[in-house]
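Novice: sequence-free structure coming up:
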């Protein structure tokens, strides 16, 4: 299959799922079903041992695990954030307020879009909540990126940048991209805690991720050509060099957390492969090879866990959703169909929706993905 540009990020797909639900029904307000999130489990201690033997097991999410979300888009401890009536609102105990009230777009979508500028589900990064807005309806358009500190809820969100393509966050550090007139891309780092911004690189770069608190890694390349890994060590200011085991991959999508790397590479026969790598793992673990797209976003790695989905070869629009545990070597297939998954506070949240009802969300404790062995 000839390679083609990625049609939508899963963040954009998650927004689309929510918009379908909002267009197709009336959501009740101030009804937040209880979903216990257990807190992030510790990451397995890394070693130079060979990667674990891998296998695939089925662990379908039971229907009774899904609850109507009533506009809830983020939970963390006592914090709940809702998206309804063109606004993001926060709720902490008895206190509440608005993060962002969306002025309507000048030209609403004739197919029913309500003109809401909020175009992504908020992401949690340490004490910070990040969200984006946009001036157009189209996925892939430039976005405005905001950051809000949940520890000071009465303080309005900070506008990080008014024209952002992609971004990744780790605590108060946010790395983001913007285009230039010369058809290059600039990667910029913002430290929300210290209110500083630093331009890292401009050129044929694509998607940056924060490997750790001191390392930013990105893939680079132009058009349909090869893509390679590069990066910078922030404290020393020197180049980060990819390990030889993964440096030769045609790295189309990357995600990272600490020392766990996930890479979607394009193979010579124009199929796609997902590999997970850690120091000492040689070439890493080959999890999946497919003719169709393998979906991986920059925030799809959380400690030992890698979340991804694979488009079905028949092209019917439904995907297989899987999560890999690097500590056990087991990839769990937990959902087939439409949906959107993301890590949050020790759980994997899976949201599904259709035109007949509201968004339904299941919070799957990550410990459910630790007991199976190959």
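Specialist: Cool, the structure landed. Quick caveat: nothing in here was measured; it's all calculated off a predicted structure.
Novice: drop to CA atoms for contacts and neighbour counts, all remaining ones
Specialist: OK.
Novice: What's opposite residue 158 in the beta bridge?
Specialist: For residue 158, the beta-bridge partners are residue 147 (DSSP bridges).
Novice: wouldn't it be in contact with residue 132 here?
Specialist: No: using C-alpha atoms under 8 Å, residue 158 is not in contact with residue 132, being 11.4 Å away.
Novice: of those two, who's got more company?
Specialist: residue 132 (22 against 14; other C-alpha atoms under 10 Å).
Novice: residue contacts, that one?
Specialist: 118, 119, 120, 121, 122, 143, 144, 145, 146 (C-alpha atoms under 8 Å, 6 or more residues apart in numbering).
Novice: can you redo those residues as a markdown table with pLDDT?
Specialist: Output for the contacts of residue 132, formatted as a markdown table (pLDDT from 0 to 100):
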| residue | pLDDT |
| --- | --- |
| 118 | 86 |
| 119 | 80 |
| 120 | 80 |
| 121 | 83 |
| 122 | 90 |
| 143 | 89 |
| 144 | 94 |
| 145 | 96 |
| 146 | 97 |
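Novice: Return the member of these nearest to residue 60.
Specialist: Lowest distance from residue 60 to these (C-alpha to C-alpha) belongs to residue 121, with 24.5 Å.
Novice: Is that closest one in a helix, a strand, or coil?
Specialist: Following DSSP: H, G, I helix; E, B strand; the rest coil, the label given to residue 121 is coil.
Novice: Can you give me the distance of it to residue 95?
Specialist: 21 Å (C-alpha to C-alpha, to the nearest Å).
Novice: Mind checking which of these two has more residues around it?
Specialist: residue 121 (22 against 10).
Novice: what's downstream of the lowest-mean-pLDDT helix or strand in the chain, the next helix or strand?
Specialist: For the chain, counting by mean pLDDT, DSSP states H and E, helix 10-24 ranks last in confidence among helices and strands (a mean of 40). From helix 10-24 onward toward the C-terminus, using DSSP states H and E, the following helix or strand is strand 55-58.
Novice: Need the residues that contact the helix or strand that contains residue 232.
Specialist: Element membership for residue 232, per DSSP H and E: strand 228-233. Strand 228-233 is contacted from outside by 200, 214-221, 238-242, 247-251, using C-alpha under 8 Å, 6+ apart.
Novice: which element is the closest residue to residue 282 other than its chain neighbours on?
Specialist: Excluding the flanking residues, the one nearest residue 282 by C-alpha to C-alpha, 6 or more residues apart in numbering is residue 245, at 5.7 Å. Using DSSP H and E, residue 245 sits in helix 244-247.
Novice: Mind listing residues that contact that helix?
Specialist: Contacts for helix 244-247 (C-alpha under 8 Å, 6+ apart): 228, 229, 277, 282, 283, 284.
Novice: and the closest residue to the fifth one other than its chain neighbours, how many residues sit next to it?
Specialist: With sequence-adjacent residues excluded and distances taken as C-alpha to C-alpha, 6+ apart, residue 283 is closest to residue 245, at 4.8 Å. The number of residues packed near residue 245 is 15, by other C-alpha under 10 Å.
Novice: So for residue 245, what pLDDT did the model give?
Specialist: With respect to pLDDT, residue 245 scores 79.
Novice: can you check residue 27 too?
Specialist: So, for residue 27, pLDDT stands at 30.
Novice: again with residue 336
Specialist: Looking at residue 336, the pLDDT reads 88.
Novice: Validate this expectation: it resides in a strand.
Specialist: Yes: assessed with three-state DSSP, residue 336 lies in a strand.
Novice: gap between it and residue 69?
Specialist: 20 Å.
Novice: Could you do residue 148 as well?
Specialist: Residue 148 is 22 Å from residue 69, by C-alpha to C-alpha.
Novice: What of residue 363?
Specialist: 11 Å.
Novice: Tell me who's in contact with residue 189.
Specialist: By C-alpha under 8 Å, 6+ apart, the contact list for residue 189 reads 173, 174, 175, 176, 197, 198, 199, 200.
Novice: Strands - which of the residues you listed land there?
Specialist: Among these, DSSP state E puts 173, 174, 175, 176, 197, 198, 199, 200 in strands.
Novice: ok, residue 310 touching residue 295?
Specialist: Yes: using C-alpha under 8 Å, residue 310 makes contact with residue 295 at a distance of 6.1 Å.
Novice: Now for residue 158 and residue 132: what residues contact both?
Specialist: Joint contacts of residue 158 and residue 132 (C-alpha under 8 Å, 6+ apart) are residue 146.
Novice: Without its sequence neighbours, what residue ends up closest to the residue positioned nearest the centre of the chain?
Specialist: With distances taken as C-alpha atoms, centre = their mean, residue 299 lies nearest the centre of the chain, 3.9 Å away. Closest residue in space to residue 299, ignoring its immediate chain neighbours: residue 255 at 6.2 Å, by C-alpha to C-alpha, 6+ apart.
Novice: for residue 185, same thing?
Specialist: residue 179 (4.5 Å).
Novice: give me the number of residues near the one you found?
Specialist: Each residue near residue 179 was counted by other C-alpha under 10 Å, and the total is 17.
Novice: and it, what does it touch?
Specialist: 165, 185, 186.
Novice: Can you tell me how far the last one is from residue 220?
Specialist: What that stands for is residue 186. 11 Å.
Novice: Repeat that for residue 272.
Specialist: As judged by C-alpha to C-alpha, residue 272 and residue 220 stand 17 Å apart.
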